[in-house]
Every structure is written in structure tokens, then in C-alpha cells.
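Novice: Sequence and predicted model, in that order:
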Amino acid sequence: MNSRRICQAVGSQYKDSAVGLVFMESAVELAMETSRVESAVRNQARAKLNQLQALKSKVNQLVRVLRSALENKIEEEDAQVTVDESVSSSDYKYC
């Protein structure tokens, strides 16, 4: 019977020994740690995305408020110009 096994994770051959077992345990621990790190990074990315979406919402709301204020100011100025033109043109009718 052959005492060699193939480690599928890396495609290498190891003898049944304490060294092979330690390597396999280390590989499993590394995979688990990698998974934890990936999960932590994914959670941080989600949190940052949520922050950015909330900020985008606030910016969009501010843009709407500013646009509305600007439109109101333009309407006020247009109304003032109309009144000024009316007054100016009536001044010259009686000359």
C-alpha cells in the first residue's frame, strides 16, 4: 500500500506524517482566517456604501432646495423687471 496522499488544495504529495498533518492544519487555519478577513472587508465596504448612499441622498435634497430657491429668486427678479418696465413705459406716454 502506498503511504503517499495528494493534497488537493495545492496538488502536492505528502507522506502521512506529523509534518503533513501540521501543514494541512495550517492550510485550514489560513483558509479560515482569509474567510474572516474577507468577511470583515465586505462588512466595511457595505458600511461605507451605506454612508455614501446616505450622503448622496442629503446632497440630492440640498440640490433640490437650492434649485427651488434659485427658481423663486429668478421669478421675483422677473416680476420686478416687469414692474420696472411698466413704470418706465408709463412715464413716457405723457411726454
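Specialist: Arrived safely, thanks for sending. Numbers count the residues shown, from 1 in each chain.
Novice: quick one: the strands in this protein?
Specialist: Along the chain, counting by DSSP state E, strands occupy 4-7, 12-15.
Novice: Let me see the mean pLDDT of the last one.
Specialist: Per-residue confidence for strand 12-15 averages out to 54 on the pLDDT scale.
Novice: Over to stretch 80-95?
Specialist: 64.
Novice: go on, stretch 66-73?
Specialist: pLDDT averaged over stretch 66-73 gives 95.
Novice: So what touches it?
Specialist: With contacts defined as C-beta atoms under 8 Å, 6 or more residues apart in numbering, stretch 66-73 is touched by no residue outside it. No exception for glycine: its C-beta is placed from N, CA and C like everyone else's.
Novice: Tell me the buried residues in it?
Specialist: Neighbour counts over stretch 66-73 (16 or more other C-beta atoms under 10 Å) mark no residue as buried.
Novice: Alpha carbons of that stretch, as PDB, please.
Specialist: Provided in PDB are the C-alpha atoms of stretch 66-73 (Å, rounded to 0.1, in the frame of the first residue of the first chain):
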ATOM      1  CA  LEU A  66     -31.100  75.300  -3.700                       C
ATOM      2  CA  ARG A  67     -32.700  74.800  -7.200                       C
ATOM      3  CA  SER A  68     -36.100  75.800  -5.700                       C
ATOM      4  CA  ALA A  69     -34.700  78.800  -4.000                       C
ATOM      5  CA  LEU A  70     -32.900  79.900  -7.200                       C
ATOM      6  CA  GLU A  71     -36.100  79.500  -9.300                       C
ATOM      7  CA  ASN A  72     -38.000  81.600  -6.700                       C
ATOM      8  CA  LYS A  73     -35.400  84.300  -6.800                       C
END
